[in-house]
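>>> return atomic coordinates for the entry below.
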Amino acid sequence: MHSELIEIRTGTSEVVRDLGSEIDAFLRSALAGDGLLNIWVPHATAGLAIIETGAGSDDDLLATLRDLLPADDRWRHRHGSHGHGRDHVLPAIIAPSMMVPVLGGQAALGTWQSVCLVDTNVDNPVRTVRLSFLPH
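Residues are numbered from 1 along each chain as shown. This is a model prediction of the structure:
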């Protein structure tokens, strides 16, 4: 297995961040052929999604999460910025890990699919993502 921890700067606003270029570089460095790519976010306030980006779906996802998990005073977990408790519920809805098939060294995604880091936690501007390639 080839595994690497990468750092992603998400800034201080909610974000759906496409990880495609990092995944492509990782698979090249792993000399990947066929196998499985595991993507893991070791954080209590972020997750991963496969979604179309650049056509509004990423903004729609953030808007939906704001509707489902409003940043208000309902949350028992109260440290950090206003409504931060919602960020700790996010990984129960947007999973912190996923597995993607790799064929011929490329993630076998559909035409409009992108693997994205979903981060609503404005208190943590830097995230790590573990990429692990399991060869066939």
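
>>> can you map out the strands along the chain?
For the chain, the strands defined by DSSP state E cover 2-9, 15-18, 35-40, 46-51, 97-103, 106-107, 114-119, 126-135.

>>> got the buried residues for the longest one?
Of all the residues in strand 126-135, those buried under the rule 16 or more other C-beta atoms under 10 Å are 127, 129, 131-133. (Glycine included, C-beta is placed from N, CA and C.)

>>> how far off centre is that strand?
Put simply, strand 126-135 sits 10 Å off its chain's centre (C-alpha atoms, centre = their mean, to the nearest Å).

>>> rounded mean pLDDT for it, please.
Strand 126-135 shows a mean pLDDT of 97.

>>> cool, and the fourth one?
For strand 46-51, the mean per-residue pLDDT is 98.

>>> quick one: it to strand 114-119, angle?
150 degrees (axes from the mean of the first three to the mean of the last three C-alpha atoms, to 10 degrees).

>>> okay, the angle between strand 46-51 and strand 2-9?
100 degrees.

>>> who does strand 46-51 pair up with?
Neighbouring strands of strand 46-51 in its sheet, by DSSP bridges, are strand 114-119 (antiparallel).

>>> now do the strand it pairs with: distance to the chain's middle.
The answer for strand 114-119 is 3 Å, by C-alpha atoms, centre = their mean.

>>> closest to residue 26 out of the strands of the chain?
strand 126-135 (4.6 Å; C-beta to C-beta).
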